[in-house]
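J.: build me a model from this:
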Amino acid sequence: MKYKYIMLCLFLIVGIFFAGCTQQMNADEIAKKMQEKYDAMKSMEADVVITTNMMGQTETMQYEYAFEKPNKFYMENNKMLMVFNGKTYYMYDKIKNQYTKMDVNGDTSNIFNPDYGKFIKSMLDKFNVSYVGEKTYDGRKCYVLELISKENPEEKMTMYVDEEYWQPLKIEMNGLTIEYKNVKFNVDIPNDKFNFVPPKGAKLVGSGSMTTSKNIDEVQKDVSFKILVPKYTAGLELQNAMATKQNTDNKTEETVVLTYGKKGEVNIYEVKSKTPLIIPENYNNTITLKNGVKAILTSRNTVNMMMFEYSGVKVVITGTLNKDELIKMANSMIV
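T.: Okay, the predicted model is just below:
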């Protein structure tokens, strides 16, 4: 499943980062401009190159990428193929000649069609943005922006943003560089690009379904465990509920994701527990919730994360709420 998450992360990177211009603009102006450019864009093709440098080791991955509004996408390299035709998502392992498929029901735009205005305002809340200058990257004129975290000045990004479409073409941060090369906008992409036909001898090793809705009762129908719904949400409204059911090697895994806040301030991940959550004794980040439920609470940059198990369900809560608010939310899920 790791390639599925790589794909989702890549797609979000296309959606959540924003551009600026040579003059000072406030959040609303930037959001409006970015949304206008996104509304005018119908499709995009590029080669995506991801370079990581961790502990002195450099690794590079390259994908051929295509996206067509509202929600079709395609990613492929010499090892993997990931494609979504608007109804079914496929992931094909070329080395093993095996694939998985997932049928998607509900409003897929919540997953595969980013709302630029929402993400732009969220990022402006967290970063100070400065205009560095203009450079040509991969044959396209770009604005160069520097982003410095308001919470941690050591957390920085440099971004090359296409002047015409306001799309990031190169993003540099600590240990990670993401590049979009040979970019083409508003191109005609054949429908066959987004349809997967299993090669000869390919084995189906996993199948499943995904349901998305703004109504938790709708996704509750698709999982066998009782979804833990927070009674306290710090004033944040539910934006989307998603349930996935994946069958692999005759085993079924069910997962629920609840997203709260217009900027995606909080995400709650729930999965039916097959093995108990074990928290080491005297672990520094352990806290006790209501009714003696043990939990792990950690922080990284501006994001807090909590993990606990209750009523046979493992729960992970991540978000930008402070720790006290996160604890209140977790306690409201415990009867």
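J.: so for stretch 197-206, what's the average pLDDT?
T.: Stretch 197-206 shows a mean pLDDT of 92.
J.: quick one: it to chain centroid distance?
T.: 27 Å (CA atoms, centre = their mean, to the nearest Å).
J.: does K231 touch S332 like I think?
T.: Yes. Here K231 reaches S332: they are 4.0 Å apart, a contact under CB atoms under 8 Å. From N, CA and C alone the C-beta is placed, and that goes for glycine too.
J.: what about the two, which has more around it?
T.: S332 (15 against 11; other CB atoms under 10 Å).
J.: the more buried one contacts L228, correct?
T.: No. S332 sits out of contact with L228 when judged by CB under 8 Å, with a separation of 9.5 Å.
J.: give the buried residues for whichever strand or helix holds L204.
T.: Element membership for L204, per DSSP states H and E: strand 203-213. For strand 203-213, burial by neighbour count (16 or more other CB atoms under 10 Å) applies to G206, G208, S209, M210, T211, T212, S213.
J.: tell me which strands that strand pairs with, and in which orientation.
T.: strand 98-106 (parallel), strand 238-248 (antiparallel) (DSSP bridges).
J.: kindly export the helix or strand just after it (C-alpha atoms) in PDB.
T.: Once the chain leaves strand 203-213, the next helix or strand it forms, by DSSP H and E, is helix 216-220. Written as PDB, here are the backbone C-alpha positions of helix 216-220 (Å, rounded to 0.1, in the frame of the first residue of the first chain):
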ATOM      1  CA  ILE A 216     -20.800   9.900   8.800                       C
ATOM      2  CA  ASP A 217     -23.900   7.600   8.900                       C
ATOM      3  CA  GLU A 218     -23.300   7.000   5.100                       C
ATOM      4  CA  VAL A 219     -19.800   5.700   5.600                       C
ATOM      5  CA  GLN A 220     -20.700   3.800   8.700                       C
END
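J.: now do helix 216-220: which elements does it pack against?
T.: strand 203-213, strand 238-248 (3 or more CB pairs under 8 Å, 6 or more residues apart in numbering; DSSP states H and E).
J.: can you list contacts of the strand holding L204?
T.: Contact partners of strand 203-213, identified using CB atoms under 8 Å, 6 or more residues apart in numbering, comprise 89, 97-108, 110-111, 198, 218-219, 221-222, 240-249.
J.: which among the residues you listed count as buried?
T.: By 16+ other CB under 10 Å, those give 89, 98-102, 104, 106, 108, 110-111, 219, 222, 240-246 as buried.
J.: centre of the chain to stretch 164-173, how far?
T.: Here stretch 164-173 is found 17 Å from its chain centre; the criterion is CA atoms, centre = their mean.
J.: average pLDDT for it?
T.: 83.
J.: stretch 86-104 now?
T.: Here the average pLDDT along stretch 86-104 is 92.
J.: listing request: residues of this structure with sub-threshold pLDDT.
T.: 1-35, 55, 107-124, 301 (pLDDT under 70).
J.: how is it divided into domains?
T.: 2-194, 214-331 (automatic domain parsing).
J.: so which of the ones you listed is nearest A202?
T.: Ranking these by proximity to A202 (CB to CB) places domain 2-194 first, at 5.1 Å.
J.: from the chain's centroid, how far away is that closest one?
T.: 11 Å.
J.: what's the answer for stretch 312-321, then?
T.: Computed by CA atoms, centre = their mean, the chain-centroid distance of stretch 312-321 equals 16 Å.
J.: tell me the buried residues in that stretch?
T.: Neighbour-count burial for stretch 312-321 [16+ other CB under 10 Å]: V313, K314, V315, I317, T318, G319, T320, L321.
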